[in-house]
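1. Any chance you could fold what I've pasted below:
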Amino acid sequence: MEQPKDYINQHKDRFLNELLELLKIPSISADSAYKDDVIKTAEGCDTVEICETPGYPIVYGEKIIDPKLPTILVYGHYDVQPPDPLYLWDSPPFEPVIKKTEKHPDGAIFARGACDDKGQMYMHVKALEFMTANDQLPCNVKFMIEGEEEVGSESLGWFVERNREKLANDVILISDTGMIANDVPSITTGLRGLSYVEVAVTGPNRDLHSGLYGGAVANPINILTKMIASLHDENNHITIPGFYDAVEELSAAERAKMAEAPFSLDAYQNALEIESVYGEHGYSTNERNSIRPTLDVNGIWGGYTGEGAKTVIASQAFAKISMRLVPDQNWEEITELFKNHFESIAPKGVTVEVTPHHGGQAYVTPIDSMGYKAAEKAYSETFGKTPIPQRSGGSIPIVALFEKELKSKTILMGFGLDSDAIHSPNEHFGVWNYLKGIETIPWFYHYYTELFKD
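-> Sure, this is the predicted structure:
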């Protein structure tokens, strides 16, 4: 295969400008106010089919050069997380700018969705451009880009179930993860599952004066915080009965192998400006955020939060809670365990309602698969060193769905860094990483086709 570098260097400015235009669109799937913007993102793509669903549309495209050759299905998503809190952004989240940073001396693109996932998704579009423009496409390719990944991909499940033949493939390729460092390439081999719920605690039938009623009736905010605090013990072990029943304990040998991955605790703490790490007793930081389940409050509110003071006991208090799960933990079962436990610990004087939002199963990619071997060769070609297999703490719920419905393995070739602040203010994606992805992806096609023919 010809080296993609020359083509990338020739078209670098255009590749960047196209991505910047895509990032200007506030395609926030979680907020219905942005519905038109989400759809605009899909309609902005050319020479593809816009497939309607009960929710946001799916962008589908394909190039079949020979049915006898393997077919690679590329998945990505064009929706993004809400940018809040806006005041923490150094520049507006939907006005992308390129700035140099310590981790990205060649510059990084700052915008919501830069890394998760518009930037990484668009690498595949440009990689395909190189392959087709230079007659380097060695196999068939299909694209499926959705608009609901950040809210659970409900419509994607509906679409996949109804289009199995249309989506038939030999391997699925996704870039929605990261790597250890620019000089330490890695391939994600595992994803955690997810259970996401919202809880509401209701006390009196109206907000009350905290002087006249304080100490005499249950305060829903006080109660909610106590209930949440009780979900972890002194060792940061989750206290929900049955929560760990299906959790696999990795062997000492497996944990030792994981520990070989480069990691500096000091650098980790300095990057986050914290004095110490925090988590489940008996596990390292890298184990806590990859092979162990977690429970975290993602948002909590109730009562008066405006300027000044208002002495009030709120009638209700709310929280959003996510649980990251490991292989063999069923997200629906965990959701039910949480609901039953949380309702059972509510004291008299309040009522509790648990509303499940969405979830998905954990996933592990075998490193002896043809897809993994092709990815390993591709990284070795462009980085000059063998990538390290690494489990991720994040979740892509539809990966397990793909294996169930399409009977295909998924390869996760991510080019972002942990420091890219996905889901946070000042999200960014390195220019070097973006272009490196475009350079590496064609090599995956090349090596996968070679292995397939063998």
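2. if I pick Ala375, what's in contact with it?
-> 187, 387, 411, 413, 444 (CB atoms under 8 Å, 6 or more residues apart in numbering). Quick note: C-beta positions are derived from backbone N, CA and C, even for glycine.
3. Just send those back as TSV, with secondary structure, pLDDT and neighbour count too.
-> What follows is the contacts of Ala375, written out as TSV (DSSP: H, G, I helix; E, B strand; the rest coil; pLDDT from 0 to 100; neighbours: other CB atoms under 10 Å):
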residue	secondary structure	pLDDT	neighbour count
Ile187	strand	96	23
Pro387	coil	95	22
Ile411	strand	97	26
Met413	coil	97	26
Phe444	helix	98	23
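4. Looking at those, which is nearest Leu86?
-> Taking CB to CB as the measure, Leu86 lies nearest Met413 of those, at 32.0 Å.
5. That closest one and Ile172, how far apart?
-> 11 Å (CB to CB, to the nearest Å).
6. what does Ser395 give?
-> From Ser395 across to Ile172, the span is 16 Å (CB to CB).
7. Repeat that for Glu280.
-> 32 Å.
8. Same question for Asn219.
-> Taking CB to CB, one finds Asn219 at 49 Å from Ile172.
9. Next up, the contacts around the closest residue to Asn205 other than its chain neighbours.
-> Spatial nearest neighbour of Asn205, chain neighbours left out: Ser315 (6.7 Å); criterion: CB to CB, 6 or more residues apart in numbering. Listed by CB under 8 Å, 6+ apart, the contact partners of Ser315 are 202-208, 220.
10. same thing with Leu417?
-> 103, 178-179, 181-182, 430, 433.
11. and with 6 Å instead?
-> Gly178 (CB atoms under 6 Å, 6 or more residues apart in numbering).
12. Could you report the distance from it to Ala181?
-> For Leu417, the distance to Ala181 - CB to CB - is 7 Å.
13. What is the end-to-end distance of stretch 261-280?
-> 20 Å (CA to CA, to the nearest Å).
14. If you could redo that for stretch 199-211, that was the one I meant.
-> Span of stretch 199-211 from end to end, CA to CA: 27 Å.
15. Tell me which residues are up against stretch 246-264.
-> Residues outside stretch 246-264 that contact it (CB under 6 Å, 6+ apart) are 184, 286, 291, 326, 328-329, 388.
16. In helices, which of the residues you listed fall?
-> Asn286 (DSSP state H).
17. Quick check: what element follows the helix or strand of the chain with the lowest mean pLDDT along the chain?
-> Lowest by mean pLDDT, DSSP states H and E among the helices and strands of the chain is helix 35-43, with a mean of 61. Per DSSP states H and E, the first helix or strand lying C-terminal to helix 35-43 is strand 49-51.
18. Which strands or helices does that next one pack on?
-> Of the remaining helices and strands, those touching strand 49-51 by 3 or more CB pairs under 6 Å, 6 or more residues apart in numbering; DSSP states H and E are strand 58-63.
19. and the strand it packs on, which residues are buried?
-> Applying a neighbour-count criterion of 16 or more other CB atoms under 10 Å, one finds 58-61 buried in strand 58-63.
20. what would those look like in a markdown table with pLDDT?
-> Formatted as a markdown table, those follow (pLDDT from 0 to 100):
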| residue | pLDDT |
| --- | --- |
| Ile58 | 92 |
| Val59 | 90 |
| Tyr60 | 92 |
| Gly61 | 90 |
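21. Nearest to Lys118 among the residues you listed?
-> Val59 (12.2 Å).
22. Just list whatever residues bridge to that closest one.
-> Beta-bridge partners recorded for Val59 (DSSP bridges): Ile50, Ile145.
23. wait, doesn't it sit right on Ile145?
-> Yes. The pair Val59 / Ile145 is scored as a contact, 4.1 Å apart, by CB atoms under 6 Å.
24. just for the stretch 51-200 of the chain, where's the confidence low?
-> Within the stretch 51-200 of the chain, no stretch has pLDDT under 70.
25. which residues in it form strands?
-> Secondary structure of the stretch 51-200 of the chain (DSSP state E, counting those that start in this stretch): strands at 58-63, 71-77, 97-99, 108-110, 140-146, 171-174, 186-191, 193-202.
26. do you know which of these lies nearest Gly157?
-> strand 140-146 (10.2 Å).
27. what's that closest one packed up against?
-> So strand 140-146, by 3+ CB pairs under 6 Å, 6+ apart, packs with strand 58-63, strand 71-77.
28. for Pro4, what are its contacts?
-> 130, 439, 442.
29. got the domain boundaries for this structure?
-> As assigned by automatic domain parsing, the chain contains the domains 5-191+362-453, 193-247+293-360.
30. and of those domains, who's closest to Asp266?
-> Across the domains of the chain, closest to Asp266 is domain 5-191+362-453 (CB to CB), at 14.7 Å.
31. how far does that closest one stretch from start to finish?
-> End to end - CA to CA - domain 5-191+362-453 spans 26 Å.
32. Enumerate every residue touching Thr53.
-> Per CB under 6 Å, 6+ apart, neighbours of Thr53: 155, 158-159.
33. ok so, going back, just put the buried residues of strand 58-63 in JSON lines and tack on distance to Asp296.
-> As requested, those are exported to JSON lines (distance: CB to CB, whole Å):
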{"residue": "Ile58", "distance to Asp296": "30"}
{"residue": "Val59", "distance to Asp296": "32"}
{"residue": "Tyr60", "distance to Asp296": "35"}
{"residue": "Gly61", "distance to Asp296": "37"}
